[in-house]
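Here you go, sequence then predicted model.
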Amino acid sequence: MIPLFKINVPKNIGAKLQEVFDSGMITEGSYSDQFEKEFGEFIGNKNVSLLNSGTSALSLAYRLCGVGPGKEVISSPMTCMATNEPIITMGGKIVWADIEPDTGNIDPASVEKLVTENTVAIVAVHWAGTPFNIDAINKIAKKYNIKVIEDAAHALGSTYNQKPIGTHSDYVCYSFQAIKHLTTVDGGALACKNEEDVKLARKLRWFGLDRKYIGSKWEQDITDAGYKMHMNNVNAAIGLEQMKTIQNVIDAHKKNAEYYQEKIVNPKIKKTKYDPESSYWIYTIMTENRQELKEYLLTNGIASDVVHVRNDRYSVCKPYQSQESLKGVEQFCNEMLCIPVGWWLSQDDLNKIVDVINKY
Ligand SMILES: Cc1ncc(COP(=O)(O)O)c(C=O)c1O
């Protein structure tokens, strides 16, 4: 079976982990400091706060935007619930925008009419790694003085206008969960446009205290109640090992997507709009009978999946039903299927996948 996802385990990770445990510094320490620095350099934004998950990054971004009772966040249902669930737990209201059916990304045309005096942020995922229209969303946000949060869980290594994702909006959230381009087992990062925001984020991730404080850490005053969301040294050591090969991983995903773009030619299959700036965490195709295609691929030894389902159909989202029908979401979520595209595919795998899909 050609898997849809594969976990990238760095070579010699055992020895590295032994080194961390032997150092006795298993919470925050030199590895987390160094990973934070290297990751910031990689995305071209030094205002990074390393965290224990992508969900924590989103939660912190919402906190910095002031999400809470009476506040609204415009979001898309076509994402992982991790994008939307923190809005609910923080007492905010989700307002659903539609998506473009040829990318899976938020449709800027559906967003502006959803802005009210209670809107504090627009959050959008870069579906499959393909950047959403960041300029159009930021233009709307600027007009109404609201914040933009990019959920870049799929999009490490993607660029937009030739600049790395991580540098365009107020907040950009990354996930280093098991099956992402870069895994630290679990982990995440929040990149902020503004230096003041990252300073606060670094405090909020650890009870509202500055861990770099010289002296007795616990004797500092806590002015903003925080969380326990920091990345520990063990996860960071894994992240640092991953940094050595991350560009190769991203390049492989991109190359494989380019290959599909050229070689998949079955008129029964639609491909999502190709974007050479995408880091293609997944590759999404569309067809009328998705279940039939999925079973056909499985019979031929190829795993595929929807990966995410539309979030607005969950019972917890009942209070936030959209008044208008979300036509783009309807079409995309009925037809889309994700196929393997990652670094683990050999040329034989790629040829097989193309051949099987073209014969469908
Ligand atoms: C789009 C999206 N956002 C957020 C997350 C949450 O990341 P984490 O699992 O690291 O909390 C994920 C994946 O898990 C995701 O796919």
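That came in fine, so what should we check first? Bear in mind the structure is a predicted one, so any value in this text is a computation, not a measurement. Numbers count the residues shown, from 1 in each chain.

okay, CA-based contacts and neighbour counts for the rest of this
OK.

separation between Tyr227 and the ligand?
As defined by Cα to the nearest ligand atom, to the nearest Å, Tyr227 lies at a distance of 15 Å from the ligand.

actually Asn105, sorry about that
Relative to the ligand, Asn105 is positioned 11 Å away (criterion: Cα to the nearest ligand atom).

how many other residues sit next to that residue?
Asn105 is flanked by 26 other residues according to other Cα atoms under 10 Å.

my guess is it meets Ala97, correct?
No - applying Cα atoms under 8 Å, one finds Asn105 not in contact with Ala97, separated by 10.1 Å.

Mind listing the shared neighbours of the two?
Counting by Cα atoms under 8 Å, 6 or more residues apart in numbering, the contacts common to Asn105 and Ala97 are Ser76.

Go over the secondary structure and confirm Ala124 is in a strand.
Yes - secondary structure assignment (DSSP: H, G, I helix; E, B strand; the rest coil) places Ala124 inside a strand.

if you skip the residues just before and after it, what's nearest to it?
With Cα to Cα, 6 or more residues apart in numbering as the criterion, Ala124 has its nearest non-adjacent residue at 5.3 Å, and that residue is Glu150.

where's that neighbour, which helix or strand?
According to DSSP states H and E, Glu150 maps onto strand 147-151.

which other helices and strands contact that strand?
With contacts defined as 3 or more Cα pairs under 8 Å, 6 or more residues apart in numbering; DSSP states H and E, the secondary structure elements packing on strand 147-151 are helix 54-65, strand 119-125, helix 134-144, strand 171-175.

Could you dump those into JSON lines and include distance to the ligand, mean neighbour count and mean pLDDT?
Output for the helices and strands packed on strand 147-151, formatted as JSON lines (distance: least, Cα to the nearest ligand atom, whole Å; neighbours: other Cα atoms under 10 Å; pLDDT from 0 to 100):
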{"stretch": "helix 54-65", "distance to the ligand": "3", "mean neighbour count": "24", "mean pLDDT": "98"}
{"stretch": "strand 119-125", "distance to the ligand": "6", "mean neighbour count": "25", "mean pLDDT": "98"}
{"stretch": "helix 134-144", "distance to the ligand": "16", "mean neighbour count": "17", "mean pLDDT": "98"}
{"stretch": "strand 171-175", "distance to the ligand": "4", "mean neighbour count": "29", "mean pLDDT": "98"}
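
re the thing from before, partner strands of the strand holding Glu150, parallel or antiparallel?
Within its sheet, strand 147-151 is paired with strand 119-125 (parallel), strand 171-175 (parallel), according to DSSP bridges.

Walking through the stretch 251-360 of the chain, point out its helices one by one.
For the stretch 251-360 of the chain, the helices identified by DSSP state H, counting those that start in this stretch occupy 290-299, 327-335, 347-358, in order along the chain.

Now find how far off-centre the last one is within its chain.
Right, the one you point to is helix 347-358. A distance of 27 Å separates the centroid of the chain from that of helix 347-358, by Cα atoms, centre = their mean, to the nearest Å.

same check, this time on the shortest one
Averaging C-alpha positions (Cα atoms, centre = their mean) puts helix 327-335 20 Å from its chain's average.

angle of that helix against helix 290-299?
40 degrees (axes from the mean of the first three to the mean of the last three Cα atoms, to 10 degrees).

For the remainder of this discussion, apply numbering that starts at 2.
Will do, 2 is the new start, and the previous item becomes helix 328-336.

which strands and helices sit next to helix 328-336?
Using 3+ Cα pairs under 8 Å, 6+ apart as the contact criterion, no helix or strand is in contact with helix 328-336.

What residues does the chain have near the ligand?
Counting by Cα under 6 Å from any ligand atom, the chain comes close to the ligand at 54-56, 80-81, 83-84, 126, 152, 154, 176-178, 187-189.

Looking at those, which is nearest Gln324?
Sorting the residues of the chain next to the ligand by how near they are to Gln324, with Cα to Cα, puts Thr80 at the top with 19.8 Å.

Wait, the closest one touches Arg311, no?
Yes - distance between Thr80 and Arg311: 6.8 Å, which falls inside the contact criterion (Cα under 8 Å).
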